[in-house]
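S.K.: can't give you the sequence, but here's the structure:
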């Protein structure tokens, strides 16, 4: 039995602990950003069984062409769950009021947990500060963590020095390919920017990815990290 993450009072109400059947496949999927077509292709490739589960690292919405379609695909399938990303947070707070927003969408995005854990895994959108216990983290940090003692995309990145105990799955920072570290797996491979939409197969320790047919938004090469 793996000890669950210990969050403080600010985060714990937004932490969801899950358990899965031993024979169920479990996948963690990177940032979708409104790319419904790529999401459909990826889920088709995963060929989910009735007990299989998919956990998204957040940023289901914005930037891509079909945020409502992504919301509908995730919230109408009990096998699919997601943490909240910083782009969901912007909509929840009213910092962004997109024209695609429908009645009930903001409430759904607000209902998403900030952290999901299962077995030895912790899923958050941004990451964690390796120098502080989880109990000292706030909601915003888990949503936006990138370089806690650096300068954004110039690094150094939080996962460079993180050594557990939990294995953290995250998105938020766009990488040219998945990040693979003993205690960190980065899954935002820039789907909306013309990169792949990537899933990690937790049971078999492999990646499944689909390439989108369209680049929905351009991004500077300086904002796409090549993992060391």
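M.R.: Thanks, I have the structure now. What you see is a predicted model, and the numbers here were worked out from it, not measured in a lab. Residues are numbered from 1 along each chain as shown.

S.K.: and the longest helix anywhere in the chain, what other elements does it pack with?
M.R.: Longest helix of the chain, by residue count under DSSP state H: helix 36-46. Packing partners of helix 36-46 (3 or more Cβ pairs under 8 Å, 6 or more residues apart in numbering; DSSP states H and E): helix 67-75, strand 197-201, strand 206-210. No exception for glycine: its C-beta is placed from N, CA and C like everyone else's.

S.K.: same for the second one, what does it pack against?
M.R.: To tie it back to what came earlier, the one meant is strand 197-201. Looks like strand 197-201 contacts strand 26-29, helix 36-46, strand 206-210 (3+ Cβ pairs under 8 Å, 6+ apart).

S.K.: the second one vs strand 206-210, what angle?
M.R.: Translated: helix 36-46. For helix 36-46 against strand 206-210, the angle by axes from the mean of the first three to the mean of the last three Cα atoms, to 10 degrees is 140 degrees.

S.K.: which residue is the nearest non-sequential neighbour of the most centrally placed residue in the chain?
M.R.: Nearest to the geometric centre of the chain sits residue 57, at 1.2 Å (Cα atoms, centre = their mean). Once flanking residues are discounted, residue 57 sits nearest to residue 171: 3.6 Å by Cβ to Cβ, 6 or more residues apart in numbering.

S.K.: and if you look at residue 212?
M.R.: Leaving aside its chain neighbours, residue 212 sits nearest to residue 38 (4.3 Å; criterion: Cβ to Cβ, 6+ apart).

S.K.: right, and the one you found touches residue 210 too?
M.R.: Yes - taking contacts as Cβ atoms under 8 Å, residue 38 lies within contact range of residue 210: 5.9 Å.

S.K.: overlap of the contact sets of those two?
M.R.: By Cβ atoms under 8 Å, 6 or more residues apart in numbering, residue 38 and residue 210 have these common neighbours: residue 197.

S.K.: okay, now residue 68: neighbour count?
M.R.: 15 (other Cβ atoms under 10 Å).

S.K.: how close does it get to residue 75?
M.R.: According to Cβ to Cβ, to the nearest Å, residue 68 stands 11 Å off from residue 75.

S.K.: and stretch 113-125, how far out from the chain middle?
M.R.: Centroid displacement of stretch 113-125 relative to its chain, using Cα atoms, centre = their mean, to the nearest Å, is 9 Å.

S.K.: buried ones in that stretch?
M.R.: By 16 or more other Cβ atoms under 10 Å, the buried positions in stretch 113-125 come out as 113, 114, 115, 116, 117, 118, 121, 122, 123, 124, 125.

S.K.: using the three-state scheme, assign the fifth one.
M.R.: If I follow you right, that is residue 117. With DSSP: H, G, I helix; E, B strand; the rest coil as the basis, residue 117 sits in strand.

S.K.: quick one: it and residue 6 touch, right?
M.R.: No - using Cβ under 8 Å, residue 117 is not in contact with residue 6; the gap is 10.3 Å.

S.K.: could you measure from the residue nearest to residue 174 when sequence neighbours are not counted over to residue 182?
M.R.: The spatially closest residue to residue 174, leaving aside those adjacent along the chain, is residue 190, at 4.6 Å (Cβ to Cβ, 6+ apart). Separation of residue 190 from residue 182 (Cβ to Cβ) stands at 24 Å.

S.K.: nice, that's everything, thank you.
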